[in-house]
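Colleague: Return atomic coordinates for the entry below.
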Amino acid sequence: MAALTWNDALALQQPRMDDTHREFVDLLNAVEVALQGESLPLEQALDRFVQHTEAHFAQEDDWMRRVGFAAQNCHSLQHAQVLELVREVHRRLRDEADVEVVHALVPALAEWFPMHAQSMDAGLVQSMQEAGFDPETGALQHPLPAEAEALAGCGSGRGG
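Modeller: Sure thing, here's the model as predicted:
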């Protein structure tokens, strides 16, 4: 059984984000399969997951910056915390052959991700729509006025 299954509740109707999220789910499941010895070597599967997660979070953090989020908003801070954890698990697997931390990571991320996507990422999509931001081109139709305060919330739209 997969650690996490892509489903309609995870879809945010933002094609680029949904594609990235599907890849996150697929790569997390690939780590789980590797833990069972049924595919790629575990370190290779985890390498791919780490690389994806770094790019995934950097992409969303860039979008937040472009639509006017403060640098220290809670959505970006959560990305940093999860990325720190993923990198530490990767280091422990690589340097100490600690497979147990990977066994703990997979279900923890499978539990965390749907909540993150349905709250913070959904809020980011809302903020992107309100700003008229096109993630494919980087065009921004409605930037925040220069005197406006940066968005410091967790991604619940420009209003909060």
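
Colleague: CA atoms for contacts and neighbours, from now on please.
Modeller: Noted.

Colleague: Could you say which helix or strand holds the closest residue to residue 136 other than its chain neighbours?
Modeller: Taking Cα to Cα, 6 or more residues apart in numbering, and ignoring the residues beside it in sequence, residue 136 has residue 16 as its nearest neighbour in space, at 7.8 Å. Using DSSP states H and E, residue 16 maps to helix 15-35.

Colleague: and that helix, what does it pack onto?
Modeller: helix 42-67, helix 100-116 (3 or more Cα pairs under 8 Å, 6 or more residues apart in numbering; DSSP states H and E).

Colleague: Output these in a markdown table; the columns should cover mean pLDDT and distance to residue 130.
Modeller: Shown next, in a markdown table, are the helices and strands packed on helix 15-35 (pLDDT from 0 to 100; distance: least, Cα to Cα, whole Å):
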| stretch | mean pLDDT | distance to residue 130 |
| --- | --- | --- |
| helix 42-67 | 96 | 9 |
| helix 100-116 | 97 | 20 |
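
Colleague: could those go into JSON lines alongside mean neighbour count?
Modeller: Formatted as JSON lines, these follow (neighbours: other Cα atoms under 10 Å):
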{"stretch": "helix 42-67", "mean neighbour count": "18"}
{"stretch": "helix 100-116", "mean neighbour count": "16"}
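
Colleague: Using JSON lines, lay out those helices together with distance to residue 137.
Modeller: As requested, these are exported to JSON lines (distance: least, Cα to Cα, whole Å):
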{"stretch": "helix 42-67", "distance to residue 137": "11"}
{"stretch": "helix 100-116", "distance to residue 137": "25"}
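
Colleague: Tell me which residue is most central in this protein.
Modeller: Relative to the mean C-alpha position of the chain, the nearest C-alpha, by Cα atoms, centre = their mean, is the one of residue 57, at 4.9 Å.
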